[in-house]
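*Asks:* below are the sequence and a predicted model; questions follow.
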Amino acid sequence: MIQKRGIELLWDPRLNKSTAFTEVEKEKLGLVGLLPDVSESEDLQLQRVMLQLSQKNTDLERYIYLVNLLDHNETLFYRTVMSDPARFLPIVYDPTIGEACLKFGHIYRQTRGMYLSIKRHGQVKQILKNWPETDVRFICVTDGGRILGLGDLGANGAGIPIGKLQLYTACAGVPPQYLMPMYLDAGTNNERYLHDPLYLGMRQTRPPSEELSSFVDEFVSAVQEVFPKCCIHFEDWTGSDAVYLLKRYRDTYCVYNDDVQGTAGIVLAGMINVARLKGSKLKDEKYLFLGAGSAAIGLADLICSAMVQEGMPLKDAQARVHMFDINGLLDDSRKDLFDFQKPYAHKHAPTRDFVAAIESIKPTTIIGVSTVGGLFNRKVIEAMSRINERPVVFALSNPTDHAECTPEQAYTWSNGKAIYAAGVQFPPVHFNGQTFLPGQANNFYVFPAIGMAVFATQASRVTDEMFIEAAKAVADQVPSDLLKQGLLFPLQSNILEAEIQTAARVANLVFNSGLARVDRPPDMVAFIRRHVYRPEYAEEASAAKPARSETSSAPLRAVRQA
Ligand code: NAI
């Protein structure tokens with residue numbers, strides 16, 4: 001290993017300790033005179049970061065500041081974010097990331113991750129080798145096709161894989177050096193960006209789907225060759241591409257789609273706790289989705305699998321799930337449906353009136369994954385409240401102003417009866433002398449834990465059963481007093497510990513399913529803990545700070561070789 005010294009060391013965000021280098025290190029590493037003549041503790045550095053953050057006026061400014069910090073000092077960045085996840089997750093991810101993506105080309109300062117455009121078709125393997133790490137375990141990849149609920153953002157969507165992978169580390173302790181954000185540039189149909197001089201993507205509209213599919217094929221197989229232990233996490237593709245690509249690769253490669261499976265996992269966790277609150281079972285509930293895209297299908301499929309685990313035949317489970325999209329209720333006369341939507345299109349008279357659909361189907365739960373804010377209006381909530389003692393309302397679309405309704409609306413219009421969760425964080429609501437704690441059904445409770453389990457076990461596949469197990473583990477961690485106040489998911493303040501416990505349960509399943517590529521450890525929680533990244537400086541600045549693999553004696557904290 002070639003040790004970095006002097007200014008080169010300060011420019012390496014993974015090794016830089018900034019004002020925390022000791023006197024001895026400064027002497028040894030040629031740093032004397034290149035830094036203020038102090039040796040600060042990590043806590044003092046964190047204090048300065050907090051002070052500087054407090055002087056920023058908006059979350060977008062805080063986001064830009066934190067990205068800049070990450071570019072210079074990775075340890076201090078993660079120390080900051082992990083010091084108070086409830087405060088910082090909404091800044092590094094939802095909802096601030098939505099605004100950051102909309103302005104990505106304008107706020108861009110420094111490259112992060114990889115950018116691969118379709119004009120490089122045929123050269124993907126060679127280009128992947130330009131990445132400075134040789135052991136990549138996760139690539140989070142988007143083509144910017146459907147970013148949050150904001151539509152086709154093209155290259156501006158590159159902010160999403162960057163933010164998602166930060167959550168692997170911040171929420172579940174997956175060491176950051178194994179993570180690669182990736183933007184696959186296949187153009188955009190977004191006229192606004194095509195005409196923006198600061199836009200950072202190809203200025204062409206999207207190709208036919210066969211062309212995109214062939215490029216993604218090359219990408220997926222090149223990843224296996226260059227990074228054989230890598231799992232590919234698909235994120236924010238348009239609904240039909242998301243479902244299609246997952247189906248195409250899931251049995252052959254280690255891949256998953258967070259919009260399809262991660263969302264499903266977290267909502268299933270919420271559903272399990274709803275059933276606990278109501279004293280019912282999943283199979284007693286009836287679900288009506290508003291939106292029938294990738295999130296809806298993934299969730300419906302997983303809920304059905306969980307009902308099947310409760311002993312219900314699949315057909316009966318599917319009969320309890322209904323969907324309503326931009327063209328109305330999915331009924332069996334519709335000719336515009338994808339194959340994957342058909343199991344949820346039942347015999348029913350066509351209708352484009354959501355309230356009428358509620359009154360006829362009588363769901364116990366409505367789930368908003370429509371991308372459109374405000375669609376759960378007063379009439380919708382009142383209709384649900386007439387039919388149900390405890391109407392369940394999940395308004396999952398992101399970012400904040402795309403939520404189908406706010407918790408305040410749900411609690412007020414249902415006269416305090418609703419059990420509510422959103423995709424983003426909302427503050428507690430006080431209504432009629434009661435305090436309600438709206439849950440945040442965000443998949444960051446699930447995918448980082450799945451990621452940690454896959455990382456630690458070197459799992460060869462990601463299965464739906466792993467998401468069901470994660471959902472059960474997440475649901476089990478909500479204290480009963482908070483559950484009674486409506487909180488369906490664990491508190492964010494303790495998210496790392498919650499995800500370690502979830503990862504351990506998923507890892508156990510990975511071993512039971514024969515998908516692990518390391519030996520089974522005697523104590524699963526201790527095994528996961530051994531892999532957890534801690535945001536602490538390495539003893540010697542230019543040495544590796546390892547999270548050790550079970551199979552390898554080499555430090556896993558790969559250091560860029562010069
Ligand atoms: P998608 O684009 O695949 O599907 C959107 C669906 O909504 C389509 O079926 C469309 O027909 C329907 N729709 C659009 N306008 C409508 C209208 N006016 N009335 C009824 N239906 C309408 O999108 P995807 O991937 O399913 O995501 C949907 C939303 O869920 C997004 O806002 C996304 O941010 C959010 N989401 C939230 C997650 C969370 O953790 N809370 C995770 C994943 C997605």
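*Replies:* Nice, thanks for sending it over.

*Asks:* going by C-alpha atoms from here, please, whenever you check contacts or count neighbours.
*Replies:* Will do.

*Asks:* against which helices or strands is the helix or strand harbouring residue 224 packed?
*Replies:* Using DSSP states H and E, the element containing residue 224 is helix 209-226. Of the remaining helices and strands, those touching helix 209-226 by 3 or more Cα pairs under 8 Å, 6 or more residues apart in numbering; DSSP states H and E are helix 124-128.

*Asks:* give me the residues contacting the helix holding residue 224.
*Replies:* In this structure, residues lying in contact with helix 209-226 by Cα atoms under 8 Å, 6 or more residues apart in numbering are 118, 121, 122, 124, 125, 128, 129, 186, 230, 232.

*Asks:* buried subset of the residues you listed as a ChimeraX selection?
*Replies:* Selecting only the buried entries of those in ChimeraX, with 16 or more other Cα atoms under 10 Å as the criterion:
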select :118,121,124,125,128,186,230,232
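
*Asks:* in TSV: the contacts of helix 209-226, plus pLDDT.
*Replies:* Listed next are the contacts of helix 209-226 as TSV, based on pLDDT from 0 to 100:
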residue	pLDDT
118	97
121	97
122	97
124	98
125	98
128	98
129	98
186	97
230	98
232	98
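
*Asks:* for the contacts of helix 209-226, which two are the farthest from each other?
*Replies:* Distances among those were taken as Cα to Cα; the most separated pair is 186 and 230, at 22.5 Å.

*Asks:* all strands of the stretch 51-200 of the chain, in order?
*Replies:* Along the stretch 51-200 of the chain, counting by DSSP state E, counting those that start in this stretch, strands occupy 114-117, 138-142, 179-185.

*Asks:* what about the second one, near the ligand?
*Replies:* I take that to be strand 138-142. No. Using Cα under 6 Å from any ligand atom, strand 138-142 stays clear of the ligand, with a minimum separation of 12.2 Å.

*Asks:* neighbouring strands - and their directions - for that strand?
*Replies:* Next to strand 138-142 in the sheet, as set by DSSP bridges, lie strand 179-185 (parallel), strand 231-234 (parallel).

*Asks:* what average pLDDT does that strand get?
*Replies:* Averaged over strand 138-142, pLDDT sits at 98.

*Asks:* so what touches that strand?
*Replies:* Strand 138-142 is touched from outside by 157-158, 160-162, 164-165, 178-184, 230-237, 451, with contacts defined as Cα under 8 Å, 6+ apart.

*Asks:* could you dump that strand to CSV, C-alpha only?
*Replies:* Output of strand 138-142 as CSV, limited to C-alpha atoms (Å, rounded to 0.1, in the frame of the first residue of the first chain):
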residue,chain,number,x,y,z
PHE,A,138,-23.5,-2.2,-4.0
ILE,A,139,-24.3,-0.2,-7.0
CYS,A,140,-27.4,1.9,-6.7
VAL,A,141,-28.4,2.8,-10.2
THR,A,142,-31.1,5.0,-11.7
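
*Asks:* roughly how far is it from the heart of the chain?
*Replies:* Relative to its parent chain, strand 138-142 has a centroid offset of 11 Å by Cα atoms, centre = their mean, to the nearest Å.

*Asks:* spatially nearest residue to residue 370, not counting backbone neighbours?
*Replies:* residue 291 (4.1 Å; Cα to Cα, 6 or more residues apart in numbering).

*Asks:* need the helix or strand of this protein with the lowest average pLDDT.
*Replies:* The weakest-scoring helix or strand in the chain, judged by mean pLDDT, DSSP states H and E, is strand 439-440 (a mean of 87).

*Asks:* remind me what it packs against, helices and strands.
*Replies:* Applying 3+ Cα pairs under 8 Å, 6+ apart, one finds that strand 439-440 contacts strand 419-422.

*Asks:* does the ligand have contacts with the strand it packs on?
*Replies:* No. Between strand 419-422 and the ligand, judged by Cα under 6 Å from any ligand atom, nothing touches; the nearest distance is 6.5 Å.

*Asks:* that strand pairs with which strands, parallel or anti?
*Replies:* Strand pairing for strand 419-422, using DSSP bridges, gives strand 392-395 (parallel), strand 439-440 (parallel).

*Asks:* contact residues of the stretch 301-450 of the chain facing the ligand?
*Replies:* Residues of the stretch 301-450 of the chain lying near the ligand (Cα under 6 Å from any ligand atom): 325-326, 369-372, 396-398, 423, 441-443.

*Asks:* which among the residues you listed end up buried?
*Replies:* Neighbour-count burial (16+ other Cα under 10 Å) applied to those gives 325, 369, 370, 371, 372, 396, 397, 398, 423, 441, 442, 443.

*Asks:* now the third one: how far from residue 100?
*Replies:* In this structure, residue 370 lies at 22 Å from residue 100, with Cα to Cα, to the nearest Å as the measure.

*Asks:* ok, the residue nearest to residue 370 - contacts?
*Replies:* 323, 324, 325, 326, 368, 369, 370, 371.

*Asks:* and the pLDDT at it?
*Replies:* 97.

*Asks:* now residue 556
*Replies:* Confidence score, pLDDT, at residue 556: 29.

*Asks:* just the one 3 residues further on next, same as before
*Replies:* Per-residue confidence at residue 559 stands at 30 (pLDDT).

*Asks:* where do the strands of the stretch 301-450 of the chain begin and end?
*Replies:* 321-325, 328-329, 365-368, 392-395, 419-422, 429-431, 434-436, 439-440.

*Asks:* show me what the mean pLDDT comes to for the fourth one.
*Replies:* Read that as strand 392-395. Mean predicted confidence for strand 392-395 is 97.

*Asks:* quick check: buried residues in it?
*Replies:* 392, 393, 394, 395.

*Asks:* closest to the ligand among those?
*Replies:* residue 395 (8.0 Å; Cα to the nearest ligand atom).

*Asks:* OK, contacts around the closest one?
*Replies:* For residue 395, the contacting residues are 367, 368, 369, 376, 403, 404, 405, 406, 420, 421, 422, 423, by Cα under 8 Å, 6+ apart.

*Asks:* ok, residue 366 next?
*Replies:* Residues in contact with residue 366, defined by Cα under 8 Å, 6+ apart, are 287, 288, 289, 290, 392, 393, 394.

*Asks:* could you point out where the protein is predicted with low confidence?
*Replies:* For the chain, the stretches flagged by pLDDT under 70 are 1-2, 540-562.

*Asks:* please list the residues of it that sit near the ligand.
*Replies:* Taking Cα under 6 Å from any ligand atom as the criterion, the chain approaches the ligand at residues 148-149, 238-239, 259, 263, 290-296, 325-326, 369-372, 396-398, 423, 441-443.

*Asks:* please narrow those residues to those residing in helices.
*Replies:* Residues of the residues of the chain next to the ligand located in helices (DSSP state H): 239, 263, 294, 295, 296.

*Asks:* count of residues packed around the first one?
*Replies:* The one in question is residue 239. 18 (other Cα atoms under 10 Å).

*Asks:* I'd guessed it sits against residue 296; true?
*Replies:* No. Assessed by Cα atoms under 8 Å, residue 239 is found out of contact with residue 296, at 9.3 Å.

*Asks:* residue 507 falls within a helix, correct?
*Replies:* Yes. When classified by DSSP: H, G, I helix; E, B strand; the rest coil, residue 507 is found to be part of a helix.

*Asks:* how many neighbours does it have?
*Replies:* Neighbours of residue 507 (other Cα under 10 Å): 32.

*Asks:* and if you look at residue 99?
*Replies:* There are 16 residues near residue 99, going by other Cα under 10 Å.

*Asks:* and if you look at residue 360?
*Replies:* When counting by other Cα under 10 Å, one arrives at 11 neighbours for residue 360.

*Asks:* ok, the one 3 residues further on next?
*Replies:* Number of residues near residue 363 (other Cα under 10 Å) recorded here: 22.

*Asks:* which non-adjacent residue is nearest it?
*Replies:* Per Cα to Cα, 6+ apart, closest to residue 363 is residue 286, 4.7 Å.
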